[in-house]
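> Build the 3D model from these lines:
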Amino acid sequence: MRLHILGCAGWIPDENETSCFLVEHKDQLIMLDCGTGASRLKYYKDVLDRYDEVSIILSHYHLDHMVGFIYLVPYLKDKKLTIYGPGKLVYAKSTKEYFDDFLQPAFFSHSIDNLTKEVHCIDYNGEDFMIGDVHIGIVPQAHSSPSFQIKIDEELIYATDTHFDLKHWDQKAKAKILLHECWTVKGNDYRHSTLEKLIQGIPQENFNQILIIHHNPEWTKEDIAEINKMIEGTKFLLAQDNLCIKA
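Presented below is the predicted three-dimensional model:
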């Protein structure tokens with residue numbers, strides 16, 4: 001598996017773009033969320049050229065996780081695109097209906113149907129599913145709007161936009177890489193995760209690497225220094241855009 005970090009920031013892009021991760025695994029190209037990090041696809045032509053199909057899995061529909069769909073046309077226009085989202089499993093509308101609202105002529109010149117050569121929108125049905133030979137696990141998460149943790153085989157777990165609660169964390173969950181959101185350094189946040197609680201609660205022996213993602217744009221230099229001090233000697237790493245990780 002190869003993991004390409006296109007966007008590891010939350011809400012507002014700065015030196016890092018917002019949530020977007022590209023995964024190459026078992027002859028499949030899978031994108032996790034599609035925030036402003038999708039703008040970095042122009043640097044991944046060699047990766048895109050290896051695939052005729054791309055799958056995008058959405059954790060939820062907040063704009064910092066899906067605004068990048070308007071950037072996809074020049075990079076994916078000749079490919080088959082399949083989009084997976086929570087849809088009517090937990091929301092009022094299907095994934096297709098939300099995209100019909102989002103990509104309408106008043107806002108963008110391409111509809112979801114002509115974004116690429118062939119487009120399919122599929123709602124989660126509450127069960128795990130397959131993309132080719134790749135097993136995709138989905139787990140509901142606590143957030144201000146319903147979001148989902150996404151697991152790719154035993155390789156990667158993507159947990160973004162969720163309040164970390166030890167009572168609801170699966171202590172048996174294992175993968176080579178954990179991508180976990182972090183919004184505050186210490187204290188509590190009912191919508192997002194706190195680094196202090198992540199370090200205390202996540203069994204680090206279950207992962208080779210734990211990458212801190214969905215960075216808070218309001219972090220100061222002092223916050224970053226404190227984060228680096230707190231994760232020293234642990235398996236935690238502050239993610240950065242343009243990293244490529246092989247597992």
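> quick one, what contacts residue 38?
Counting by Cβ atoms under 8 Å, 6 or more residues apart in numbering, residue 38 makes contact with 6, 7, 17, 20, 31, 68, 69, 71, 72. Using the backbone N, CA and C atoms, a C-beta is placed for each residue, glycine as well.
> taking the residues you listed one by one, which sit in strands?
Counted as lying in strands by DSSP state E, out of the contacts of residue 38, are 6, 7, 20, 31.
> Go through the residues you listed and give me the one with the most neighbours.
residue 20 (30 neighbours; other Cβ atoms under 10 Å).
> And the helices in the protein?
Assigned helices in the chain, in chain order: 45-48, 73-76, 95-102, 195-201, 221-231 (criterion: DSSP state H).
> now for the fourth one, which elements pack on it?
Contact here means 3 or more Cβ pairs under 8 Å, 6 or more residues apart in numbering; DSSP states H and E; on that basis helix 195-201 packs against strand 207-213, helix 221-231, strand 236-238.
> Pipe those into JSON lines and attach distance to residue 144 and mean pLDDT per row.
Converted to JSON lines, those look like this (distance: least, Cβ to Cβ, whole Å; pLDDT from 0 to 100):
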{"stretch": "strand 207-213", "distance to residue 144": "18", "mean pLDDT": "98"}
{"stretch": "helix 221-231", "distance to residue 144": "22", "mean pLDDT": "97"}
{"stretch": "strand 236-238", "distance to residue 144": "24", "mean pLDDT": "98"}
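> right, so the ones you listed: which one is the most enclosed?
The highest mean neighbour count among the helices and strands packed on helix 195-201, using mean count of other Cβ atoms under 10 Å, belongs to strand 207-213: a mean of 21.
> ok, it: who's next to it in the sheet?
Here strand 207-213 is paired, per DSSP bridges, with strand 175-181 (parallel), strand 236-238 (parallel).
> Switch these over to a markdown table; also include distance to residue 1.
Putting the strands paired with strand 207-213 into a markdown table (distance: least, Cβ to Cβ, whole Å) gives the following:
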| stretch | distance to residue 1 |
| --- | --- |
| strand 175-181 | 7 |
| strand 236-238 | 17 |
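> got CSV for the contacts of residue 38, with distance to residue 121 and pLDDT too?
Shown next, in CSV, are the contacts of residue 38 (distance: Cβ to Cβ, whole Å; pLDDT from 0 to 100):
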residue, distance to residue 121, pLDDT
6, 21, 98
7, 22, 98
17, 24, 98
20, 18, 99
31, 14, 99
68, 16, 98
69, 11, 98
71, 18, 98
72, 14, 98
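> Of those residues, just say which sits nearest to residue 61.
Nearest to residue 61 among the contacts of residue 38 is residue 69, at 10.9 Å by Cβ to Cβ.
> Residue 107 is in contact with the closest one, correct?
No: taking Cβ atoms under 8 Å as the definition, residue 69 is not a contact partner of residue 107, at 11.0 Å.
> Compare neighbour counts for the two and give me the winner.
A count of neighbours by other Cβ under 10 Å puts residue 69 above the other of residue 69 and residue 107, at 22 against 9.
> Which residue comes closest to that one once chain neighbours are left out?
Once flanking residues are discounted, residue 69 sits nearest to residue 34: 5.4 Å by Cβ to Cβ, 6 or more residues apart in numbering.
> Could you count how many residues lie near the one you found?
Neighbours around residue 34, by other Cβ under 10 Å: 26.
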